[in-house]
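Colleague: I would like the atomic coordinates for the input below:
(2 chains)
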Protein chains: 2
Amino acid sequence: MVWLQCCNIARLGAGSRLILLLFKTMTDSQRLRDELQTIAKYGSALALLSWDEEVNLPPKAHAFRGEVNALLSAEVHRRFTSAEFIKLVEKLSSESKSLNANDRVNVEETWRDLVRAQKLPVKFIENLTRLTSEAFGVWAEARKQKNFKIYEPVLRRMVDMKRQEAELIGFKVSPYDALLDEFEPGMTSAQLDKLFVPLAKNLSALIGQAKDRNQQTLPEAFYELGAQTKLCHEVSEALGYDFNTGRIDASPHPFTTSFHQTDVRITTRYDENDFWVSLGSTIHEIGHALYEQGLPAKHFGTPLGQAISLGVHESQSRMWENFVGRSQEFSEYLYPLLKKYFPDQKLSFTSQELHLWLNRVRPNLIRVESDEVTYNLHIILRYEIEKQLVEGKLKVSELPAVWSQKMKDYLGLDVPDDAQGVLQDVHWSHGAFGYFPTYSLGNLYAAQLYSTATQKIPDLAKGFSDGDFAKLLGWLRQNIHTQGRRYRPAELLEKLTGEPPNPVYLQEHLERVIKLG
Amino acid sequence: MVWLQCCNIARLGAGSRLILLLFKTMTDSQRLRDELQTIAKYGSALALLSWDEEVNLPPKAHAFRGEVNALLSAEVHRRFTSAEFIKLVEKLSSESKSLNANDRVNVEETWRDLVRAQKLPVKFIENLTRLTSEAFGVWAEARKQKNFKIYEPVLRRMVDMKRQEAELIGFKVSPYDALLDEFEPGMTSAQLDKLFVPLAKNLSALIGQAKDRNQQTLPEAFYELGAQTKLCHEVSEALGYDFNTGRIDASPHPFTTSFHQTDVRITTRYDENDFWVSLGSTIHEIGHALYEQGLPAKHFGTPLGQAISLGVHESQSRMWENFVGRSQEFSEYLYPLLKKYFPDQKLSFTSQELHLWLNRVRPNLIRVESDEVTYNLHIILRYEIEKQLVEGKLKVSELPAVWSQKMKDYLGLDVPDDAQGVLQDVHWSHGAFGYFPTYSLGNLYAAQLYSTATQKIPDLAKGFSDGDFAKLLGWLRQNIHTQGRRYRPAELLEKLTGEPPNPVYLQEHLERVIKLG
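Modeller: As a prediction, the model looks like this:
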């Protein structure tokens, strides 16, 4: 059988005319929802193209795939910034007080996105897109050669453009706030300082204590990949992931993507000598996926059907990975599963040793290989540096020296070369300034939310040892997932926990982790 | 990591404006190519959505996927039938004599597609699309219940609509020709009769001879699926399939799909007790895929970058499956591979027995399970019936009786129930009348082309036994694949073989197959 795309063009798309006829009798709110859903459907197609690119694409197909992506992206952009659409949202926004609560959220959040989008001239976006392509290539080459000097000129231009972008967007206190707001709506660097400065100080001190404590190891073993896949599936299902509306594949960099609430996919990666590489990634991504599967399908495409922020998204993945997956109860659940899936291996360790091993603390030069405790110092270091760059208080040329100094101060490590230092992350080459803080905000939110959950739900963790995670998921579903973008991150935290984001919960949690050793 | 689709909308699609600026300085021919390529890129996205639906889709994601498909299909339809585009192609068509040879092909073939597309009113297409959805569901239920009566009313309406379609398209002799032309441009039922009537007569006679001849069996064995996959990969690569621009997955109904010349994918299916289920399907689909990978990439999206017809496409898959894959030389090549990939199995048969087994002749009630010889009678039976339906010479209610009679006449078989008779194929429920003949045209073209190839290339089959198929592929690439839609099917045959389509080559080939036994 073969599918020929040249035939049957005459048959295609009969449905669209019907939709246009209906359009005229809709209310403005309905028209907004309708157009947002159409845009979201193009977004879904784009998301599939990207997923396929990571998971399946033949090596020589990248160039053409890029062209298809560009075409659909342009269509999304055209629709979202069309004069007619802007007029509609502006009108609704001006009368938003007369709308019902749901429509008001959709109008206000869409208007917020649109106001931001309109502030950047097309010419600026073109230049930034071009610079991003260039910067990524140069960054990859510089990292390969372990030489920051190669990257420096293009990064300087990127910092300049991001400073321009901040001016175009506008800000009250710091230009960094304009960039941060894209990823964490409503968050400012003043607030981040309040959260991160005490955390950094306390963590640095804690690491001093931790160094000689938990260094638990496990005996070497071989974990067959097929069995690892089955283990990941069983655990995912137990956590509440629905395989009727999702699937797990392999890719070099694990990720979650959602095409719709009925199709939320994750990927993981494998190491034959370490089952936690796949299982830990899986639990993390399942945390993201449970959020996406739990968004209300009836609001698909509109703000009420979308996640609040990167920080809140990360709070879900981190909660499942660290607060659930690294708990004593989870190790009790996991231990017999390891025996079941890897019967040939001796696995001569106890569930208590497993738990200790999952919580060992070892300062590491590389962020993505770091443990739960030291990870946040990696983030705070990046936050401090990128904020100073955007505020013009640090020169790009000074980066390697500042990086080394901070690594020494925070983690007590010497940076042997740029590849293991300032060149390790892709983010800045993509123009993503203001993105890093959302990782630690995720940890911070997770700690605070989990602390509340343990108070509200008696014996929350007890069920974990039997593979019962339904209580926690139910609480997250009801209070976070089904709410879409109804609240800003800080508002959500205050509503659920009774106080704004507070670093003390994360700090106490990490102290407990250290004391395990 | 998570991808958030709500962010960065402002960044998307900067490239599109540049393209619009360029558009104004293009010649009309360039504008045509440009718009056809844009349409083809939407087609690529649609093809990926469909591929993913067959290979990956979570069970509950079908409804939403249908909505995304409808949206992109509508966009393709809107662009292809926009007043501006029609005006452009019409203008170019009126001056096509002044164009260079390549542009002329593109203009004339596009105009041909467009003339056909414009003949069907939107209302008609909507009704047909709706009927197709309904008919598919009813057909599936009727087949499940083995009861044609359930299907009869909706099939009657479908035949009526296809007769209307033929009237709208227009025809000279038979309304069937208007439908056939969609799948096999330029072919008519008068020509089909000339090809198929003598073939049917001779084949029926041959089958009488064959019945007591080749009934070779192979001893039972277990063919591990992972090893089957590896075997399929090795053979595909040997045939010339490029895994840098393709991949093989599993799906219940094997198929080939092309997103672009750099991304041509096939699927296969597996049976643990029969390696040929996966390998035979793979070789067949690789035949399609080699055609698609061999189309000229510089003409992507335009007729010069497209396959000629379903019949010619099928000639490629059938040539590789039957003329190569079932040759004595191929069995010599395959035999050691079976020993290599299934070392645990005894495989107590010879390469000669393997060859006989691959060429055994056994009349079967089900088309897709038929052998090479009897397959064509299945097709001719369907052709005769659907032609009479469209010409109004046969009533839908008479179908089961006519089917049974023809099965008895042609294959000597009694039809026990409708599911194993008239309800076995999906095609008519999709509204695909005029599609079936392309299967046997594929066989017929394959035989005629292969006969020429063996004359032009000394020792063509000799290399097969060493896994060397480059000579045949080279000849197909040069003479067929790189030509796109430059020739009509009959024209291509005449140009390459010196005569129009002639059934004698297929007949002689099938006689040789029968005489093997």
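Colleague: Let me know how buried the residue nearest to residue A:214 when sequence neighbours are not counted is, in neighbour terms.
Modeller: Distances taken as Cβ to Cβ, 6 or more residues apart in numbering or on different chains put residue A:517 closest to residue A:214, at 2.6 Å, once the chain neighbours are dropped. For every residue, glycine as well, the C-beta is placed using N, CA and C. Here the count is done by other Cβ atoms under 10 Å in any protein chain shown, and residue A:517 has 16 residues near it.
Colleague: For residue A:517, give me its contacts.
Modeller: Contact analysis of residue A:517 by Cβ atoms under 8 Å, 6 or more residues apart in numbering or on different chains lists A:210, A:213-216, A:356, A:359-361.
Colleague: Is it possible to get CSV of the residues you listed that adds neighbour count?
Modeller: Formatted as CSV, these follow (neighbours: other Cβ atoms under 10 Å in any protein chain shown):
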residue, neighbour count
A:210, 25
A:213, 15
A:214, 20
A:215, 13
A:216, 18
A:356, 21
A:359, 22
A:360, 19
A:361, 24
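Colleague: so, in contact with chain B or not, stretch A:61-73?
Modeller: Yes: remark: stretch A:61-73 sits within contact range of chain B at A:61, A:63-65, A:67-68, A:70-73, by Cβ under 8 Å from any Cβ of the partner chain.
Colleague: Pull out the buried residues from that stretch.
Modeller: Burial within stretch A:61-73, assessed by neighbour count using 16 or more other Cβ atoms under 10 Å in any protein chain shown, is assigned to A:61, A:64-65, A:68-73.
Colleague: As CSV, could you dump the C-alpha coordinates of it?
Modeller: The C-alpha trace of stretch A:61-73 is given here as CSV (Å, rounded to 0.1, in the frame of the first residue of the first chain):
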residue,chain,number,x,y,z
ALA,A,61,15.6,15.2,6.8
HIS,A,62,16.4,18.1,9.1
ALA,A,63,16.7,20.8,6.5
PHE,A,64,13.3,20.1,4.9
ARG,A,65,11.6,19.7,8.3
GLY,A,66,12.9,23.1,9.2
GLU,A,67,11.0,24.5,6.2
VAL,A,68,7.8,22.9,7.2
ASN,A,69,8.2,24.2,10.8
ALA,A,70,8.8,27.7,9.5
LEU,A,71,5.7,27.6,7.4
LEU,A,72,3.4,26.5,10.2
SER,A,73,5.0,28.9,12.7
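Colleague: quick check: mean pLDDT across that stretch?
Modeller: When the per-residue pLDDT values of stretch A:61-73 are averaged, the result is 91.
Colleague: and it, how far out from the chain's middle?
Modeller: Centroid separation between stretch A:61-73 and its chain, computed with Cα atoms, centre = their mean, to the nearest Å, is 24 Å.
Colleague: What of stretch A:139-146?
Modeller: Computed by Cα atoms, centre = their mean, the separation of stretch A:139-146 from the middle of its chain amounts to 25 Å.
Colleague: Identify each buried residue in that stretch, please.
Modeller: When neighbours are counted by 16+ other Cβ under 10 Å, the buried residues of stretch A:139-146 are found to be A:139, A:142-143.
Colleague: Stretch A:240-257 too?
Modeller: When neighbours are counted by 16+ other Cβ under 10 Å, the buried residues of stretch A:240-257 are found to be A:240-242, A:245-248, A:251, A:254-257.
Colleague: thinking again about what came up before, what separation is there between the residue nearest to residue A:214 and chain B?
Modeller: Shown here: residue A:517 relative to chain B, a distance of 29 Å by Cβ to the nearest Cβ, to the nearest Å.
Colleague: before we move on, what about residue A:388?
Modeller: For residue A:388 relative to chain B (Cβ to the nearest Cβ), the value is 24 Å.
Colleague: before we move on, back to that, what about the residue nearest to residue A:214, which helix or strand?
Modeller: Here residue A:517 is covered by no helix or strand, with elements defined by DSSP states H and E.
Colleague: any idea of the pLDDT on it?
Modeller: Reading off the confidence values, residue A:517 has pLDDT 74.
Colleague: mind giving me CSV with the buried residues of stretch A:61-73 and columns for distance to residue B:89 and secondary structure?
Modeller: Putting these into CSV (distance: Cβ to Cβ, whole Å; DSSP: H, G, I helix; E, B strand; the rest coil) gives the following:
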residue, distance to residue B:89, secondary structure
A:61, 29, helix
A:64, 24, helix
A:65, 28, helix
A:68, 23, helix
A:69, 28, helix
A:70, 25, helix
A:71, 21, helix
A:72, 24, helix
A:73, 27, helix
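Colleague: Return the member of those residues nearest to residue B:277.
Modeller: For the buried residues of stretch A:61-73, the minimum distance to residue B:277 (Cβ to Cβ) is 28.2 Å, reached by residue A:61.
Colleague: what residues does the stretch 201-350 of chain A put near chain B?
Modeller: By the rule Cβ under 8 Å from any Cβ, the part of the stretch 201-350 of chain A lying against chain B is A:242-247, A:253-260, A:262-263, A:265, A:285, A:288, A:300, A:303, A:306-307, A:310, A:313-314, A:317.
Colleague: let's see 6 Å
Modeller: Listed as neighbours of chain B in the stretch 201-350 of chain A under the rule Cβ under 6 Å from any Cβ of the partner chain: A:244-247, A:255-257, A:260, A:262-263, A:288, A:306, A:313.
Colleague: among those residues, which are in strands?
Modeller: Among those, the members falling in strands (DSSP state E) are A:246-247, A:256-257, A:260, A:263.
Colleague: Could I get the full set of strands for the stretch 201-350 of chain A?
Modeller: Taking DSSP state E, counting those that start in this stretch as the criterion, the stretch 201-350 of chain A carries its strands at A:246-250, A:256-260, A:263-268.
Colleague: Export these as CSV, with columns for mean pLDDT.
Modeller: As requested, the strands of the stretch 201-350 of chain A are exported to CSV (pLDDT from 0 to 100):
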stretch, mean pLDDT
strand A:246-250, 97
strand A:256-260, 97
strand A:263-268, 97
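Colleague: Distance to residue B:373 for these - can I get that in JSON lines?
Modeller: Formatted as JSON lines, these follow (distance: least, Cβ to Cβ, whole Å):
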{"stretch": "strand A:246-250", "distance to residue B:373": "42"}
{"stretch": "strand A:256-260", "distance to residue B:373": "46"}
{"stretch": "strand A:263-268", "distance to residue B:373": "44"}
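Colleague: thought residue A:150 was touching residue A:142?
Modeller: Yes: taking contact to mean Cβ atoms under 6 Å, the distance of 3.9 Å between residue A:150 and residue A:142 places them in contact.
Colleague: any residue of the helix of greatest length in chain A up close to chain B?
Modeller: Identified as the longest helix of chain A according to DSSP state H is helix A:28-55. Yes: using Cβ under 6 Å from any Cβ, a contact is recorded between helix A:28-55 and chain B, made by A:41, A:43-45, A:47.
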